[in-house]
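[1] Show me how the following folds:
(one chain, ligands or ions: 1)
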Amino acid sequence: MRKPPFDRKWIEETAQKWPTPFHVYDAAAIRDNAKRLRKAFSWNAGFREYFAVKATPNPHIMRLLQEFGFGSDCSSMAELVLAEKVGNVGDAIMFTSNDTPAEEFAKAWELGAIINLDDIAHWPFLKSVVGDVDWTGRIMCCRYNPGPLKGGNAIIGKPEEAKYGFTKEQLFECYKAMKESGVKRFGLHAMVASNELDPEYIIDTAKMLFALAGELHDALGIDFEFVNIGGGIGIPYKPDQNAMDLERVGKGIEAAYREMIAAKGMDPLKLYMECGRCIPGPYGYLVAKVRHIKNTYRMYAGLDACMSNLMRPAIYGAYHEIVVPGKENSTETTIYDVTGSLCENNDKFAVQRVLPVLEPGDYVVICDAGAHGHAMGFQYNGKLRSAELLLEAGGKVREIRRAETLDDYFATLDFGGL
Ligand SMILES: *Cc1c(COP(=O)(O)O)cnc(C)c1O
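    Numbers count the residues shown, from 1 in each chain. I've put the predicted structure just below:
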């Protein structure tokens, strides 16, 4: 069973200042995890992780990750602005967007970001947006979609059905065109996994990109500065799953690098990653209170949290472990559907889950909510998003986002003309 870094007493005290539901992130655990990732790739002098901002778009989390040299992987205007505000600019931003609006390319250019094109048509489009500029110092990158050449993954699906990236032929054409326009610095990118727990899949992605960088090098005389193997490293949401063996991924990619890059005289080549989920995911918790117990055709435990706080169970049928602080060792159990208050029957955090017998007033901790959790929340049904708290190493709690209020919800409405 998961052991959150706090107990029922801590929740009771914290809830006096920040009523449930709230998200809380364990800063020390996130730091340790960031260190572990960095260490697994320390063999690569230029290694850099660009934290995928969309996973947990909070400047305080981004700032914490900056301590480890992590940049920002952005794919929208808001994410670019967040990166700018925490001081990640220039090559500390990887702009990996798709179906990109002109103003976002303009902003990414202005910030000096590494621009990662999603499509061959985006090269002339980008040029039309930024105008007649000097490309000399800029790093340009393209996103490869291997299509049927690489097998699928449960969340991201089959590459050939994914909307992202270039075909192989298009890559050759685009790098050639960029070179002709005066671009001198290049990277190569692919992101073909999501919530993947098999180290081989990630190692294979690196191998695929190493081979492709070699082919592009031979055909076009391009010396790549980096390959970015994307994010997509999974976390063990389910009790029977194991965490990704990052050390093995690091070693596997190192071996491939020696054979495919160093032996070909293509080093140094920097290895980049843009993981989101696996960095803060396991170290964020959604804390909620049982509001009602309902006994009809099933037993329902209704919480004060709902899909506005965590959508993953509702949209992916995702499993999130639920801990009941103070009742961890209880032998009296019941099977519950754990629900929110939204008028949507998929507003359930767990379906037919064995839990300690619950009563109104009990607190529940929904685990692994640190990534794609708060960020995915929505305001449908007028349900508001909760606060985010940071549990600092010494036990101090810091509010890093306040809870939404009705005024926030109504802020875009004009009641004047009624
Ligand atoms: C979502 C996304 C990521 C992060 O994915 P995780 O599964 O959170 O690691 C990285 N890069 C791109 C382009 C993405 O769209």
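[2] Tell me the residues of the stretch 101-250 of the chain that contact the ligand?
    191, 194, 230-233 (C-beta under 6 Å from any ligand atom). Where you see a C-beta, it was placed from the backbone N, CA and C, and this is true even at glycine.
[3] Now do the same for the residue nearest to R185 when sequence neighbours are not counted: its pLDDT.
    Using C-beta to C-beta, 6 or more residues apart in numbering and skipping the chain neighbours, the partner closest in space to R185 is I139 (4.3 Å). Model confidence at I139, given as pLDDT, is 97.
[4] which bits of the stretch 301-418 of the chain sit near the ligand?
    Counting by C-beta under 6 Å from any ligand atom, the stretch 301-418 of the chain sits next to the ligand at A371.
[5] what about the strands in the stretch 301-418 of the chain?
    Along the stretch 301-418 of the chain, counting by DSSP state E, counting those that start in this stretch, strands occupy 322-323, 333-339, 348-356, 363-366, 387-391, 397-401.
[6] Just put the ones you listed in TSV and tack on mean neighbour count and mean pLDDT.
    Shown next, in TSV, are the strands of the stretch 301-418 of the chain (neighbours: other C-beta atoms under 10 Å; pLDDT from 0 to 100):
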stretch	mean neighbour count	mean pLDDT
strand 322-323	22	98
strand 333-339	19	98
strand 348-356	18	98
strand 363-366	26	98
strand 387-391	22	98
strand 397-401	16	98
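[7] Which of those sits closest to A255?
    strand 387-391 (37.9 Å; C-beta to C-beta).
[8] CA atoms only: put that closest one into PDB for me.
    What follows is strand 387-391, C-alpha atoms only, in PDB (Å, rounded to 0.1, in the frame of the first residue of the first chain):
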ATOM      1  CA  ALA A 387      -5.800  24.500  -4.400                       C
ATOM      2  CA  GLU A 388      -2.300  23.100  -4.800                       C
ATOM      3  CA  LEU A 389       0.000  22.900  -1.900                       C
ATOM      4  CA  LEU A 390       3.700  22.100  -1.600                       C
ATOM      5  CA  LEU A 391       5.000  20.100   1.300                       C
END
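[9] so what secondary structure elements neighbour it?
    Strand 387-391 sits against strand 22-26, helix 59-66, strand 397-401, with contacts defined as 3 or more C-beta pairs under 8 Å, 6 or more residues apart in numbering; DSSP states H and E.
[10] Can you say which of those is packed in most?
    Mean neighbours per residue, mean count of other C-beta atoms under 10 Å, is largest over the helices and strands packed on strand 387-391 for strand 22-26, with a mean of 26.
[11] List the strands paired with it, with their directions.
    strand 284-295 (antiparallel), strand 387-391 (parallel) (DSSP bridges).
[12] which one of those strands is the most hemmed in?
    Taking mean count of other C-beta under 10 Å, strand 387-391 is the most buried of the strands paired with strand 22-26, at a mean of 22.
[13] contacts for that strand?
    5-6, 14, 18, 22-27, 58, 60-61, 64, 374, 397-403 (C-beta atoms under 8 Å, 6 or more residues apart in numbering).
[14] which SS class is A106?
    helix (DSSP: H, G, I helix; E, B strand; the rest coil).
[15] That one and V129 touch, don't they?
    Yes: between A106 and V129 there is a contact under C-beta atoms under 8 Å: 5.4 Å.
[16] Need the residues touching each of these two.
    Common neighbours of A106 and V129 (C-beta under 8 Å, 6+ apart) do not exist.
[17] coming back round to it: do you know which of the strands paired with strand 22-26 lies nearest N345?
    Using C-beta to C-beta, the strands paired with strand 22-26 put strand 284-295 closest to N345, at 13.5 Å.
[18] how close does the spatially most central residue of the chain get to V53?
    Centroid-nearest residue in the chain: G276, 2.6 Å away (criterion: C-alpha atoms, centre = their mean). Separation of G276 from V53 (C-beta to C-beta, to the nearest Å) stands at 8 Å.
[19] Spit out the residues that contact these two alike.
    With C-beta under 8 Å, 6+ apart, G276 and V53 have common neighbours D73.
[20] Do a quick rundown of the strands in the stretch 51-200 of the chain.
    Under DSSP E, counting those that start in this stretch, the stretch 51-200 of the chain gives strands at 71-74, 93-96, 114-117, 139-143, 185-189.
[21] Dump these into CSV; add mean neighbour count as well.
    Listed next are the strands of the stretch 51-200 of the chain as CSV, based on neighbours: other C-beta atoms under 10 Å:
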stretch, mean neighbour count
strand 71-74, 28
strand 93-96, 27
strand 114-117, 27
strand 139-143, 23
strand 185-189, 23
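[22] Determine which of those strands approaches K289 most closely.
    Closest among the strands of the stretch 51-200 of the chain, using C-beta to C-beta: strand 71-74, at 34.2 Å.
[23] what's the closest one packed up against?
    Using 3+ C-beta pairs under 8 Å, 6+ apart, strand 71-74 sits against strand 48-52, helix 77-85, strand 93-96.
[24] could the ones you listed be laid out in CSV, adding distance to the ligand and mean pLDDT?
    Shown next, in CSV, are the helices and strands packed on strand 71-74 (distance: least, C-beta to the nearest ligand atom, whole Å; pLDDT from 0 to 100):
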stretch, distance to the ligand, mean pLDDT
strand 48-52, 3, 98
helix 77-85, 11, 98
strand 93-96, 4, 98
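[25] before we move on, the earlier item: same list (the helices and strands packed on strand 387-391) but as a markdown table, adding distance to L303.
    Output for those, formatted as a markdown table (distance: least, C-beta to C-beta, whole Å):
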| stretch | distance to L303 |
| --- | --- |
| strand 22-26 | 12 |
| helix 59-66 | 24 |
| strand 397-401 | 20 |
